[in-house]
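Engineer: Sequence first, then the predicted structure:
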Amino acid sequence: MSKRKAKAITGETASKSRRVTAVDNTPHDRTRHQGPSHSSFPRAATGDIGLIESIALKNFMCHHSLGPCEFGPNVNFIVGNNGSGKSAILTALIVGLGGKATVTNRGVSLRDFVKTGESTADITIKLRNRGPDAYKKDLYGDCISVEHRITGDGSRTCRLKSKSGHLVSNKKEELTAILDHFNIQLENPVSILSQEMSKQFLHSKSESDKYKFFMKATLLDQMKRDYIHIKQTKTITRQQVERQEECLKDLKQDFLQKKERYENLTSFRDLKKVLENLKKAMAWCLVSEKEQLVQQLQEEIEKEDSNYKHQDNLQLLQTKIVQVEKKLQLIKNKSDGLREEQESLSEDNLKMKEQVKICSKAHKEQEVVYFRALNKLKQTEQEQDILKEKINKAKTSKNLSSEGETEHMKRQKTLCDLNKKLAQLQSTCTQLNQEIKNKHQALFRGREERDKLRLEEKSVQASYESKLKRKNQLLSSRSNKLKRFGDHMPDLLGSIAEAHAKGRFVKKPMGPIGACITLKDPSLAMAVESCLRSFMKAFCCDNYKDEAVLQQLMRHHYPQGNRPQIIVSSFSNKIYNTHGRKAFHPEFPSMVDMITATSPVIINCLIDMRGIESVLIIKEKDKARKVMQRGRPPKYCREAFTAEGDQVYPNRYYTSDFSMATYLGGDLETEISMLESELENHQAQLSRFQLQVNSVTEDIVSMEGSLNSTIMTLKKTLASVNQTKATITELETAGEEQIDDISSLEEVAQENQQKIEAEKQTVQEAKTELDKHRTKAEDADSKHASVRERIDQLSEEIESLKDEQMKLEAQTTKFERSLKVFENKLKAHEDNIQAMKSDLTLREEELEEYVAKATQISPERQQVNRSPKSIDTEITRLQTKIKVHESNHGEREQVVREYAEALALYRGKTNQVRDLRKFIDRLDAIMSDRQNRYKTMRRSLSVRCKLYFNNFLIRMNCSGSMIFDHNNEMLSIWVQPPGREEDDVSDMRSLSGGERSFSTVCFMLSLWEITESPFRCLDEFDVYMDMHNRGICLDLLLELSERQHLRQFLFITPLTISNLPTSSLIKIHQLQNPERDQSQRGEEDI
């Protein structure tokens, strides 16, 4: 499909030409037919890319100079007599865009297009390059100028220039890329139908030729040829692989023999040469080491110079101190005012306090008098009641004296029986209490066992749900690996991409980190995951604005639960230099060495947040303990991880909680199988736990029922005990009372009654006096309370101001201390920069000395990737070996060369055979899918073509159809003109020349509807039509151009076009008569 997009562009096309004149068609006579009206053409809708803006020719074919022809963005008619240059423009378009000479049907070689008598021919074509799909707009601008020069020997050169005339490229590959980007197909007759191709197609009566034309126009023919070529290549490749596998056995045998011979050789000359190279490498390795130190020091100095943090902090702190001092002064002023008010109120408070004391003292004294009188009255009334009770008992005791002895004996017998019953009940209570205690203990043990079982069941259930969720994630990750990081992760990444496309992010966040890293050794997946843990699902943001946008997106996909962590750090295209702090061990790698990331940002983030440069990976547990705990750990090494994920510190060891890798695991099916097995075990455990819990629960219910029954029995027994005790107490307290003299008691009672009346009068007088003193005391206390409340309020305000003042003073002190610290830091920072610069000067001088020495040893600089220590060790080993074998320094270069050739040949053949096998297997699957898609596409295009063809015939009041026979590669077209429906003849051969041309144009328009191209070119499409068919044909062409207003149309015709509608989007280029016609007319005039 086309890559161009529609864009409305206002403005009219200006046209300048020396031999071609742009004519605004203003028809005066339109009696034959009426085409689309002017209003039907939108005035401001043009394509953005691929349109031909102008063509200029020089010494091309028989034309000395032609153009420049500036074309409009929609419909262009090129009109002129034979020989005026119409077809030359079309030929120049094909050749000027890189087409072959044979495609034009105008010559067999490019030299045929050079004008006779000239040495070169020039073609200049300008293509539109606007809009968002423009090709390298920053280089070419809004227009790409393609300049071709053809020499007399048939060679040509291409120059691609920008709109301003600047040369951008002169390579054919660049021109091919431009044509592919604009979807320009030079050899497709639907895009450019030349005069010869038009005649050939028009007069063709073969159904096979029509089918071939359809296949070529839709590029299905090219796809078919490609598929056939791929199948042939695949067959040849398979045969070659089979032959290569036979030869590989012999090559392996030959390689093993030569390897054995090579390993037995010791070349003294090679050793010496290696020794000499090592010495050169050693010299330049020292230089590289010094250069790295100098570079690192320069980077640190630049970093420190650009660090204004201390100055900013110092200035900010000074501003804060000034603000705090202002607040402190305001608080002091307010506090002084409140203290003055408090002092004035304190004097009033002292006076009121004395007044309150006096009133309170008088009130209390009167209160004592009142309560004394009241107590005395109550005491007298109680004595009066006791006398009345004694008098009543004395009167009744006379009647009961005779029956007293009998009641006493019965009472004693009842007490004896009740004491025996009480002893039995108390014994029963003791037994019941012991039974309840035992049942409580049994019930507690049962509940404890049930809780333990439920806890274990809950743990197994949680593990089961976790593993089930993990299994579903792995099943989903078969089609999408991102689902390993959670079900919401693919949707989140889609939202991030959509937000980035809308420009919401300054820089697109990266993550999850686990999806952005790969391992150099897949067996270390557990170690890496145990080290990174939560960082596997984390995201990296360049700034806090992007973090806020990402948090908003995460809220939509993670409404509850843990969200992925977001790490904010400025993105850098360069990995941090960890040379000075990276853990090193000659045998075991560090974590940063085993991880490969899609971007340096990921590595830098893990260095900042996890410190992976100081973590070693030691596969075996024993070796990890030995390296980290049985001696001094390697320099800069903080911790280590084993292949099973165990974490090893110098003083402690942690075993991993995971059995296999979650995110970086390679064998997906094995992990799914293991999870299914574990899920089955968990289901069995859950069933077992459920049975045990049910059994224990039933026992607990039974014990609770028995316990409740025992408790109810105990309560009833205790109630009986209490009742018995009450009865015993009542019987024991009952006794005989002394009978007093009734007459004397009555006299005392009468005296007490008179005394009570006098005391009541005294109490009433004391109460009246007490109420007066209470009212006076309450008034004084109320006034004192209001003053005291105001004083307390002032005290609270003063205290709060004092607290705030103390806080501000403490804050000021803290800021002053911090100010001194920042001043010291700033001074230390400046001193550090000065010291680093001095150190840099010394190191640069030292580097110059090392470079001079290394240049003396080896004038040409050596590229070294090894450390000085390893090179020195290798030099010592070679020197020892040379001394040992100094007597035997013969060499056999031929054996070495044969071994190298055999090794290279064997490896090359092995890799070639393996790669070809994989390629063939993948190609089989791809070709099967491609064949199905090809047939579907061919069927779709043929159906659409038939529909459009029938629609165009209806415009002519004709009926017809197209029949595709894809198996036999035949295309049948039958047409019935109007008025000939009863004729039995419907073949194209029965039509007139004009009707056949019109039918052919309808076929061509149908192909235009189903194919894509930025412009369409038709050469002499109407030469065989009568005026009626030609008018209808023009209407169809203009109507199609109206629908496809984003494409450009070039129609070439030698006939008049005076009946075209008026529109600014229709442009007519009237070519002048050829030079030979003008000279002949001149001779006739003479």
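Structural biologist: Noted; the coordinates are in hand.

Engineer: okay, now Q355: neighbour count?
Structural biologist: Around Q355 there are 17 other residues, counting by other C-beta atoms under 10 Å. (C-beta placed from N, C-alpha, C; glycine too.)

Engineer: Touching, it and D781? I think so.
Structural biologist: No. Taking contacts as C-beta atoms under 8 Å, Q355 lies outside contact range of D781: 9.4 Å.

Engineer: where in the stretch 901-1050 of the chain is pLDDT low?
Structural biologist: 956, 977-998, 1021-1026 (pLDDT under 70).

Engineer: Hmm, K837 is touching I301, no?
Structural biologist: Yes. Using C-beta under 8 Å, K837 is in contact with I301, at 6.3 Å.

Engineer: Quick one: distance of the strand or helix carrying K410 to the chain centre.
Structural biologist: Using DSSP states H and E, K410 sits within helix 404-476. Centre-to-centre, helix 404-476 and its host chain are 59 Å apart (C-alpha atoms, centre = their mean, to the nearest Å).

Engineer: So for the helix or strand following it, mean pLDDT?
Structural biologist: Counting by DSSP H and E, the next helix or strand C-terminal to helix 404-476 is helix 489-501. Here helix 489-501 scores 91 as its mean pLDDT.

Engineer: Give me the buried stretch members for helix 489-501, please.
Structural biologist: Of the residues in helix 489-501, M489, P490, L492, L493, S495, I496, A499, H500 count as buried by neighbour count, 16 or more other C-beta atoms under 10 Å.

Engineer: packing partners for that helix?
Structural biologist: On a contact count with 3 or more C-beta pairs under 8 Å, 6 or more residues apart in numbering; DSSP states H and E, helix 489-501 meets helix 544-557.

Engineer: Longest helix in the protein, by number of residues?
Structural biologist: In the chain, with assignment by DSSP state H, the single longest helix is helix 742-857.

Engineer: Which helix or strand lies directly C-terminal to that helix?
Structural biologist: Downstream of helix 742-857 (by DSSP H and E), the next one is helix 868-884.

Engineer: So, low pLDDT: which residues of the stretch 301-450 of the chain?
Structural biologist: 390, 393-408, 411.

Engineer: returning to what we had before: show me what the helix holding K410 is packed up against.
Structural biologist: In terms of contacts (3+ C-beta pairs under 8 Å, 6+ apart), helix 404-476 is packed against helix 668-733.

Engineer: the inter-axis angle of the helix holding K410 versus helix 668-733?
Structural biologist: Interaxial angle, helix 404-476 versus helix 668-733 (axes from the mean of the first three to the mean of the last three C-alpha atoms, to 10 degrees): 170 degrees.

Engineer: could you check the angle helix 489-501 makes with helix 404-476?
Structural biologist: Using the same axes, to 10 degrees: helix 404-476 against helix 489-501 is 60 degrees.

Engineer: I'd like the buried residues of helix 489-501 as TSV, with distance to N752 appended.
Structural biologist: TSV is the format used below for the buried residues of helix 489-501 (distance: C-beta to C-beta, whole Å):
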residue	distance to N752
M489	101
P490	104
L492	99
L493	104
S495	101
I496	103
A499	103
H500	107
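
Engineer: Would you mind finding the longest strand in the chain?
Structural biologist: Identified as the longest strand of the chain according to DSSP state E is strand 49-60.

Engineer: elements contacting it?
Structural biologist: Taking 3+ C-beta pairs under 8 Å, 6+ apart as contact, the helices and strands that strand 49-60 lies on are strand 63-70, helix 86-96, strand 120-129, helix 172-182, strand 1015-1019, strand 1048-1053.

Engineer: out of those, nearest to A749?
Structural biologist: The closest of these to A749 is helix 172-182. By C-beta to C-beta, the value is 133.1 Å.

Engineer: so who does the most centrally placed residue in the chain touch?
Structural biologist: The chain has L493 as the residue nearest its centroid, 3.9 Å off, counting by C-alpha atoms, centre = their mean. Contact analysis of L493 by C-beta atoms under 8 Å, 6 or more residues apart in numbering lists L482.

Engineer: need the helices for the stretch 901-1050 of the chain, in chain order.
Structural biologist: With helices called from DSSP state H, counting those that start in this stretch, the stretch 901-1050 of the chain shows them at 993-1010, 1027-1043.

Engineer: hey, C-alpha coordinates of the shortest one in PDB?
Structural biologist: So the one you mean is helix 1027-1043. C-alpha atoms of helix 1027-1043 as PDB (Å, rounded to 0.1, in the frame of the first residue of the first chain):
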ATOM      1  CA  MET A1027     -15.600  11.300 -29.900                       C
ATOM      2  CA  HIS A1028     -18.500   9.800 -27.900                       C
ATOM      3  CA  ASN A1029     -16.400   7.100 -26.300                       C
ATOM      4  CA  ARG A1030     -13.600   9.500 -25.800                       C
ATOM      5  CA  GLY A1031     -15.900  11.900 -23.900                       C
ATOM      6  CA  ILE A1032     -17.200   9.200 -21.600                       C
ATOM      7  CA  CYS A1033     -13.600   8.000 -21.100                       C
ATOM      8  CA  LEU A1034     -12.500  11.500 -20.100                       C
ATOM      9  CA  ASP A1035     -15.400  11.800 -17.700                       C
ATOM     10  CA  LEU A1036     -14.300   8.500 -16.100                       C
ATOM     11  CA  LEU A1037     -10.700   9.600 -15.800                       C
ATOM     12  CA  LEU A1038     -11.600  13.000 -14.300                       C
ATOM     13  CA  GLU A1039     -14.100  11.400 -11.900                       C
ATOM     14  CA  LEU A1040     -11.400   8.900 -10.800                       C
ATOM     15  CA  SER A1041      -8.900  11.700 -10.300                       C
ATOM     16  CA  GLU A1042     -11.500  13.500  -8.200                       C
ATOM     17  CA  ARG A1043     -11.800  10.400  -5.900                       C
END
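
Engineer: now the angle between strand 1048-1053 and that helix, please.
Structural biologist: For helix 1027-1043 against strand 1048-1053, the angle by the same axes, to 10 degrees is 170 degrees.

Engineer: Give the buried residues for helix 1027-1043.
Structural biologist: Within helix 1027-1043, the residues scored as buried using 16+ other C-beta under 10 Å are 1029-1042.

Engineer: what packs against it?
Structural biologist: Helix 1027-1043 sits against strand 75-79, helix 893-955, helix 993-1010, strand 1048-1053, with contacts defined as 3+ C-beta pairs under 8 Å, 6+ apart.

Engineer: So which of K837 and I301 has more stuff around it?
Structural biologist: Taking neighbours as other C-beta under 10 Å, K837 and I301 compare with I301 leading, 17 against 14.

Engineer: With adjacent residues omitted, what lies nearest to the more buried one?
Structural biologist: Distance criterion C-beta to C-beta, 6 or more residues apart in numbering; nearest residue to I301, sequence neighbours excluded, is M836 at 5.1 Å.

Engineer: How about the contacts made by the one you found?
Structural biologist: Under the criterion of C-beta under 8 Å, 6+ apart, the neighbours of M836 are L297, E300, I301, E304.
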